[in-house]
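K.L.:
Sharing a model that was predicted from the sequence below.
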Amino acid sequence: MSFVPYDRPVRAAFIGLGRIYDLNVRAYAGNPDVEVVALVDPDEERRAQRQADWPAARVFASAAELAASGIGVDTAEVLLPIPLHADGVTDMLSFGWHVNMQKPMCNDLAEARRMLEAAQANGRVLRVMENYLFYEPLRTLKAVAESGEIGEVSGYHMKMVGTGQGGWEVPVSSFLPQLEQMQRGRGILVFDDGWHKLSTALWLFGPVREVRAWIGNTPVGPGVDIDAPATIVWEHDNGVRGVWDITLAMDMYLRSDYYTNDERWEITGTKGYARVNRCTGRGIQQPSLEVYAGGVLRAYHALDDDWASSFRDSGRHWLRWLRTGDGPLLWSGEEAVDVLRFALAAYASSAAGGAGVHPGQLG
Ligand SMILES: NC(=O)c1ccc[n+]([C@@H]2O[C@H](COP(=O)([O-])OP(=O)(O)OC[C@H]3O[C@@H](n4cnc5c(N)ncnc54)[C@H](O)[C@@H]3O)[C@@H](O)[C@H]2O)c1
């Protein structure tokens, strides 16, 4: 698709004004690349609350009403509940809007195909934002691994502990779509938050040729099933192996300004290792990145390790991209399908007792 960059600020609409708007909005505030022209949410209270940020924007209860209003929209910042992603994004592409959407892109490959086809048919760009790729400690981890400082990469490990106590308020209404997702076998840890972990794996070490998984289940309330404990291992085309362990700790308090997720990424090389100690929460309160090589441990004390900054920078990247067309989208719709395939391969493997599954061979 040929894309012509805009020679003026892009006109953007926020579609969905819930919990994560609070972080996505950071890319738009004070950004000369964009003019926010509309806010869409069926919830009147949300519309009134967010209108205070953008007094000049028009508000609507649905994207269809905005499309019919005659207001010019170049791009939509789509912050919809997950079950609405596929239909909602397909509609918005057909309105002629570019789309920057939240993860997970959608639940299966048929939905993904539908979304990509809508982008192509309407000559619009579909981006599935991946804020983790803009988290400075992870970007520096990648740079360290590629610099050779820790030698050749031998393997890596990601860790995630979902804790039950602490963090910001998540309204019950934000949690309800997750229950729907659980019923469909798309759990909150492996599929929803896990999308980020699988993304970072692809971003760090490229395509994956085999996935093996053992995905458990812990009921924590009526109709509330958490997909832990879970362990997923894989091998990249370049031979590097990764492992990700997911644990639930319902009674653990974790200090966090956002969600209560204790996360770690550790790359081992032939000469040393590099480890990101935290991301969303503040589990380990020492420098966010440490690098060990040659008997010396180095720590990065001045990285921007506020998780919210990764939303700001991912969004700014997109808005700048619309103005210039320069550089990778991080992620394009097609790249997001690779993340989806990775997750689906994990489910297929777990269902087959941990057998190896090639993500590219899923139908
Ligand atoms: N990148 C991340 O780390 C991250 C973190 C949290 C959530 N998310 C993603 O962000 C998205 C939104 O999550 P959230 O936690 O803000 O959910 P939320 O439920 O708090 O907000 C969703 C909003 O969409 C509104 N909505 C519902 N139907 C709509 C429609 N048809 N048109 C317009 N608006 C509609 C709801 O009223 C609500 O205000 C999800 O895709 C979620 O996976 C990403």
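P.N.:
In hand now; what should we look at? Predicted, not measured: the structure shown is a model, and the values here were computed from it.
K.L.:
Identify each buried residue in the strand or helix carrying Glu117, please.
P.N.:
Here Glu117, judged by DSSP states H and E, is contained in helix 109-122. Buried residues in helix 109-122, counting neighbours by 16 or more other Cβ atoms under 10 Å, are found at 111-112, 115-116, 118-119, 122. Yep, even glycine has a C-beta here, placed from its N, CA and C like the rest.
K.L.:
With stretch 83-102 instead?
P.N.:
For stretch 83-102, a neighbour-count test (16+ other Cβ under 10 Å) marks 83, 85-86, 88-93, 95, 97-102 as buried.
K.L.:
same thing with stretch 140-154?
P.N.:
Applying a neighbour-count criterion of 16+ other Cβ under 10 Å, one finds 140-142, 144-145, 149-150, 153 buried in stretch 140-154.
K.L.:
Just the ones of the buried residues of stretch 83-102 in helices?
P.N.:
Those of these mapping onto helices are 85-86, 88-93, per DSSP state H.
K.L.:
want to throw those residues into CSV with distance to the ligand and pLDDT?
P.N.:
As requested, those are exported to CSV (distance: Cβ to the nearest ligand atom, whole Å; pLDDT from 0 to 100):
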residue, distance to the ligand, pLDDT
His85, 6, 98
Ala86, 11, 98
Gly88, 6, 98
Val89, 11, 98
Thr90, 13, 98
Asp91, 9, 98
Met92, 10, 98
Leu93, 15, 98
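K.L.:
can you redo these as JSON lines with distance to Gly70?
P.N.:
As requested, these are arranged in JSON lines below (distance: Cβ to Cβ, whole Å):
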{"residue": "His85", "distance to Gly70": "26"}
{"residue": "Ala86", "distance to Gly70": "27"}
{"residue": "Gly88", "distance to Gly70": "21"}
{"residue": "Val89", "distance to Gly70": "22"}
{"residue": "Thr90", "distance to Gly70": "22"}
{"residue": "Asp91", "distance to Gly70": "17"}
{"residue": "Met92", "distance to Gly70": "16"}
{"residue": "Leu93", "distance to Gly70": "19"}
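K.L.:
Just give me the closest of the residues you listed to Glu136.
P.N.:
His85 (27.7 Å; Cβ to Cβ).
K.L.:
hmm, back to that, helices or strands next to the following helix or strand past the helix holding Glu117 in the packing?
P.N.:
As assigned by DSSP H and E, the chain's next helix or strand after helix 109-122 is strand 126-128. Here strand 126-128 touches strand 98-101, helix 109-122, helix 333-351, going by 3 or more Cβ pairs under 8 Å, 6 or more residues apart in numbering; DSSP states H and E.
K.L.:
and the residue of the stretch 1-150 of the chain nearest the ligand?
P.N.:
Nearest residue of the stretch 1-150 of the chain to the ligand (Cβ to the nearest ligand atom) works out as Gly18 at 1.8 Å.
K.L.:
give me the number of residues near that residue?
P.N.:
Gly18 has 18 neighbouring residues, counting by other Cβ atoms under 10 Å.
K.L.:
Leaving aside the residues adjacent along the chain, what's closest to it?
P.N.:
Once flanking residues are discounted, Gly18 sits nearest to Ser174: 5.7 Å by Cβ to Cβ, 6 or more residues apart in numbering.
K.L.:
Check the gap between the one you found and Arg46 for me.
P.N.:
Shown here: Ser174 relative to Arg46, a distance of 11 Å by Cβ to Cβ, to the nearest Å.
K.L.:
neighbour-wise, which of the two wins?
P.N.:
A direct count of neighbours by other Cβ under 10 Å for Ser174 and Arg46 places Arg46 higher, at 18 against 13.
K.L.:
pLDDT value on the closest residue to the more buried one other than its chain neighbours, please?
P.N.:
Here the nearest residue to Arg46 in space, its sequence neighbours aside, is Leu17; by Cβ to Cβ, 6+ apart that works out to 4.2 Å. On the pLDDT scale, Leu17 is placed at 98.
K.L.:
So what does Leu17 have for phi and psi?
P.N.:
Note on Leu17: its backbone torsions stand at phi -120, psi 40 [degrees, to the nearest 10].
K.L.:
isn't it right up against Glu44?
P.N.:
No - under the criterion of Cβ atoms under 8 Å, Leu17 makes no contact with Glu44, lying 10.6 Å away.
K.L.:
Can you pick out the residue with more neighbours from these two?
P.N.:
More neighbours surround Leu17 than the other of Leu17 and Glu44, with 25 against 10 (other Cβ under 10 Å).
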